[in-house]
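Q: what follows is a predicted structure for the sequence shown.
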Amino acid sequence: MNTRQLTRAERRKIRTHEALKQSAMMLFMEHGYDQLTIKAITDHADLGYGTFYLHFESKDDIVWAVLEEWLEVETEATNQRVLHLEHPVREYVSWIHYFEDLRERGQMFIMLFGKNGSATLYQNMIDYLARLHKRNLSAGTYSFGQVVQPDVSFMAQFAAGAMMNLTLWWLESDNDHSPQDMADAMFRMYYRTDPPKLSE
């Protein structure tokens, strides 16, 4: 086991990296994606403009670093809420939570991934969802109830693309589907039967 202490330079690099991410997150929440600039991030963090490029390649790179960290926390929180449930109730309840959470953050989702959002962030999100589905399917955390199980990588890619485009359609189009409606439709699509009745 490596117990080497970090050097002063390494600790400073970590602090700078985190300061840039914190500034990016605060400015994004305050002004939105379009108004976020690298100069604004470095000014807010009280760092030189060039320092940014020692840690990140672009605005999308730092935004994704913040998003991915947040997504991992949210994913773990969702897992903790549903892992005590049996299949397929587990999947159904996780979809309900997913759409309920997105109803609260819909404008942010559209801003980042919608028609006027970033193509890079959109692809990053697809890749993240595919990795997440593959991890969960491989571990048996989730199962889509297929009689004949397809290749896990294939199913992960299919689920990621479907989830992303369905979410954007729901948020951007003129419809009155509730989060419950969306979870019900997802369940019927994957399991070819009505969703389970949840106890009160």
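A: Received the coordinates, thanks. Here the structure is a predicted model, which is why all the values come from computation and not from measurement.
Q: the nearest residue to residue 21 once chain neighbours are set aside - how many residues pack around it?
A: In this structure, residue 21 finds its nearest non-sequential neighbour in residue 66, 5.4 Å apart by C-beta to C-beta, 6 or more residues apart in numbering. C-betas here are computed from N, CA, C, even on glycine. A count of neighbours around residue 66, defined by other C-beta atoms under 10 Å, yields 18.
Q: offset the numbering so it begins at 33, please.
A: With 33 as the first residue, the last one maps to residue 98.
Q: would you map the helices across the protein?
A: For the chain, the helices defined by DSSP state H occupy 40-63, 70-77, 81-84, 91-114, 121-145, 151-171, 184-204, 211-223.
Q: tell me what the first one is packed against?
A: Using 3 or more C-beta pairs under 8 Å, 6 or more residues apart in numbering; DSSP states H and E as the contact criterion, the elements in contact with helix 40-63 are helix 70-77, helix 81-84, helix 91-114.
Q: do the same with the longest one
A: Applying 3+ C-beta pairs under 8 Å, 6+ apart, one finds that helix 121-145 makes contact with helix 91-114, helix 151-171, helix 184-204, helix 211-223.
Q: I'd like those helices as CSV, with distance to residue 59 and mean pLDDT appended.
A: Formatted as CSV, those follow (distance: least, C-beta to C-beta, whole Å; pLDDT from 0 to 100):
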stretch, distance to residue 59, mean pLDDT
helix 91-114, 10, 94
helix 151-171, 16, 94
helix 184-204, 23, 94
helix 211-223, 29, 93
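Q: distance to residue 122 added to those, as a markdown table?
A: As requested, the helices and strands packed on helix 121-145 are exported to a markdown table (distance: least, C-beta to C-beta, whole Å):
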| stretch | distance to residue 122 |
| --- | --- |
| helix 91-114 | 5 |
| helix 151-171 | 10 |
| helix 184-204 | 15 |
| helix 211-223 | 11 |
